[in-house]
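J.: the following block contains a protein sequence and its predicted model.
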Amino acid sequence: GNSVTQMEGPVTLSEEAFLTINCTYTATGYPSLFWYVQYPGEGLQLLLKATKADDKGSNKGFEATYRKETTSFHLEKGSVQVSDSAVYFCALSEAVYSGGGADGLTFGKGTHLIIQP
Amino acid sequence: DAGITQSPRHKVTETGTPVTLRCHQTENHRYMYWYRQDPGHGLRLIHYSYGVKDTDKGEVSDGYSVSRSKTEDFLLTLESATSSQTSVYFCAISEPGNYGYTFGSGTRLTVV
């Protein structure tokens, strides 16, 4: 079956540091890949996505590149802020249309990111 | 997200009682999902629906049932709540081709 593995943390960084959160996946087909962010007490928000190999998703200074050869989708940001403190989830979807369907999303366990001023 | 609402937001119930959580969407999306979020497990799929009256089981469906009588509503029922079902429950919606899933704000359920 499908699975997603990501570092769980907590990951603690100083403001303006470089961020990498690793994510690797196992899938039988050609999944779409996602990063979701969850701020304290809130639901999940889509941060970025990539739907095919070599695609780069980006949003709010975060980036991730779909690497089929290494089955990875690592999240990066050049300079983090205190407001980036949250839990980050890597996820995949292998539905036929990749927009929804029988299998929904398969999530990693989440990475708790703490940014100190 | 304003297009998807969950109710109640918080609930405390006793072991053995039935509980129903509601997910309501205004986006007319075809697919709806129920997930539970637990520390150390991330989010796991309980049940999903691919149309009115069309539902199927996810990874952790034991002890849960669902119903979808209208496009906009997806109900999750715990027939006899147990302490192991204490969790945060999230509903999500999606539509084929738009490559995105929208999540509700969650329901925090405590079974005592």
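T.: The structure has been received and is ready for your questions. Numbers count the residues shown, from 1 in each chain, chains lettered A, B, ... in the order given.
J.: run a quick neighbour tally on the residue nearest to residue A:57 when sequence neighbours are not counted.
T.: Distance criterion CB to CB, 6 or more residues apart in numbering or on different chains; nearest residue to residue A:57, sequence neighbours excluded, is residue A:48 at 3.4 Å. Backbone N, C-alpha and C define where each C-beta goes, glycine included. Close neighbours of residue A:48, defined as other CB atoms under 10 Å in any protein chain shown, add up to 19.
J.: sketch out the low-pLDDT regions of the chain for me.
T.: I went with chain A, as the question did not name one. Chain A contains residues with pLDDT under 70 at A:95-103.
J.: please refer instead to chain B.
T.: For chain B, the ranges with pLDDT under 70 are B:1-2, B:97-99.
J.: which residues sit against whichever strand or helix holds residue B:33?
T.: Assigned by DSSP states H and E, residue B:33 belongs to strand B:31-38. By CB atoms under 8 Å, 6 or more residues apart in numbering or on different chains, the residues outside strand B:31-38 that reach it are A:100-101, A:104-105, B:21, B:23, B:25, B:43-50, B:58, B:60, B:64, B:66, B:68, B:74, B:76, B:87-96, B:101, B:106.
J.: helix or strand right after that strand?
T.: Following strand B:31-38 in sequence, per DSSP H and E, is strand B:42-51.
J.: whichever residue of chain B sits closest to chain A: how many residues sit nearby?
T.: Residue of chain B nearest chain A, by CB to the nearest CB: residue B:94 (2.9 Å). Neighbour count for residue B:94, taken as other CB under 10 Å: 26.
J.: dump the residue contacts of residue 71.
T.: I'll assume chain A. A:24, A:25, A:26, A:27.
J.: my question was about chain B
T.: B:25, B:28, B:30, B:52.
J.: OK, contacts around the first one?
T.: Which is residue B:25. B:3, B:4, B:5, B:32, B:71, B:72, B:73, B:74, B:93.
J.: ok, it to residue A:74 distance?
T.: 32 Å (CB to CB, to the nearest Å).
J.: still on that earlier bit, now restrict the contacts of residue B:71 to buried residues only.
T.: Listed as buried from those are B:25, B:30; burial here means 16 or more other CB atoms under 10 Å in any protein chain shown.
J.: closest to residue B:111 out of the contacts of residue B:71?
T.: residue B:25 (26.2 Å; CB to CB).
J.: for the closest one, list each beta-bridge partner.
T.: residue B:4 (DSSP bridges).
J.: for residue B:75, same thing?
T.: Per DSSP bridges, the residues bridged to residue B:75 are residue B:22, residue B:67.
J.: touching, it and residue B:24? I think so.
T.: No. Assessed by CB atoms under 8 Å, residue B:75 is found out of contact with residue B:24, at 9.7 Å.
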